[in-house]
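[1] One predicted model, sequence on top.
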Amino acid sequence: MAKISEIRWHARGGQGTMLAARMLARIAIAEGKYAQGMPEFGPERMGAPVRAYNRISNDNFSLYCAVVNPDAVVVLDPSLLDSVNVTEGLNKNGIIIVNTILSPSQIRDKLKLTDGKVCTVDATGISIATLGRAIPNTPMMGAIVKTTGIVTLDGVLKDIKHTFTEKFSPKVIEGNLNAIKRGYEEVK
């Protein structure tokens with residue numbers, strides 16, 4: 001049976017989670033893999049907790065449901081650590097990547113984790129510095145690439161350049177590229 005890498009995203013509506021999950025799937029497909037990127041909604045409103053999922057594999061698969069035992073969990077809004085069990089079902093050797101100014105050891109203690117890898121990055125601070133707005137999904141893409149290796153940094157940068165060219169100004173594109181690079185470089 002093929003190894004399928006699964007990611008579960010936790011965020012709030014408006015933070016770009018759906019876009020990021022779909023983009024990650026698109027990049028994986030462009031790199032020759034099989035992939036899914038799918039959202040899960042509760043109340044569809046700005047600020048409501050949302051989840052999204054990715055499945056990525058080198059082999060074809062036919063599974064389409066929520067991810068319950070993720071290999072990685074990505075948390076775009078650190079306030080969810082107090083209200084949602086973001087580690088539920090996380091594989092023993094899984095990775096959790098949190099957008100926060102706290103250190104990995106502080107997050108490990110907060111979540112009472114004994115296994116796996118905990119990574120942190122100030123994606124909100126990076127997005128404000130590079131994009132002028134608190135949109136943490138872009139720097140989180142860089143952090144995901146660095147910590148999981150599920151896709152390449154070049155693949156992410158190429159995708160942004162290609163998909164954003166017709167929609168955004170060169171300044172916005174450059175800001176997003178810088179946000180991704182900083183997320184990649186600054187994840188702990």
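    Alright, I've got the coordinates. If you're wondering where the values come from, they're calculated on a predicted model, not measured in any experiment.

[2] for stretch 61-73, what is the average pLDDT?
    When pLDDT is averaged over stretch 61-73, the result is 83.

[3] Correction: the previous question concerned stretch 79-93.
    The average pLDDT within stretch 79-93 is 89.

[4] hmm, who's touching it?
    Contact with stretch 79-93 is made by 8, 10-12, 49, 68-71, 73, 75, 96, 98, 107, 110-111, 113, 115-117, as judged by CB atoms under 8 Å, 6 or more residues apart in numbering. For glycine as for every other residue, the C-beta is placed from the backbone atoms N, C-alpha and C.

[5] One more pass at 6 Å, please.
    With CB atoms under 6 Å, 6 or more residues apart in numbering as the test, stretch 79-93 has contacts from 10, 68, 69, 70, 71, 73, 75, 111, 115, 116.

[6] Show me how far that stretch is from its chain's centre.
    Offset of stretch 79-93 from its chain centre (CA atoms, centre = their mean, to the nearest Å): 14 Å.

[7] List the buried residues for that stretch?
    Buried positions in stretch 79-93, judged by neighbour count with 16 or more other CB atoms under 10 Å: 80, 81, 86, 87, 90.

[8] now those in a markdown table, with distance to residue 130?
    Conversion of these to a markdown table gives the following (distance: CB to CB, whole Å):
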| residue | distance to residue 130 |
| --- | --- |
| 80 | 23 |
| 81 | 24 |
| 86 | 25 |
| 87 | 29 |
| 90 | 29 |
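
[9] Which one of those residues is nearest to residue 29?
    Set against residue 29, the nearest of those by CB to CB is residue 90 (25.2 Å).

[10] before we move on, what SS does that closest one have?
    Classification of residue 90 using DSSP: H, G, I helix; E, B strand; the rest coil returns coil.

[11] nearest to residue 55, of the buried residues of stretch 79-93?
    Of all the buried residues of stretch 79-93, residue 90 has the smallest distance to residue 55: 15.5 Å, by CB to CB.

[12] for this structure, which spans come out with low pLDDT?
    1-4, 41-47 (pLDDT under 70).

[13] which residue ranges form the helices in it?
    Using DSSP state H, the helices of the chain run over 17-30, 104-111, 123-131, 137-148, 153-164, 170-186.

[14] Now do the first one: which elements does it pack against?
    Going back to what we said before, that points to helix 17-30. Counting contacts by 3 or more CB pairs under 6 Å, 6 or more residues apart in numbering; DSSP states H and E, helix 17-30 packs against strand 4-12, strand 34-40, strand 49-57, helix 153-164.

[15] Now do the end-to-end distance for stretch 129-143.
    16 Å (CA to CA, to the nearest Å).

[16] mind listing what's buried in that stretch?
    Neighbour-count burial for stretch 129-143, counted by 16+ other CB under 10 Å, picks out 130, 131, 135, 136, 137, 138, 139, 140, 141, 142, 143.

[17] which one among these gets closest to residue 20?
    Set against residue 20, the nearest of those by CB to CB is residue 137 (4.1 Å).
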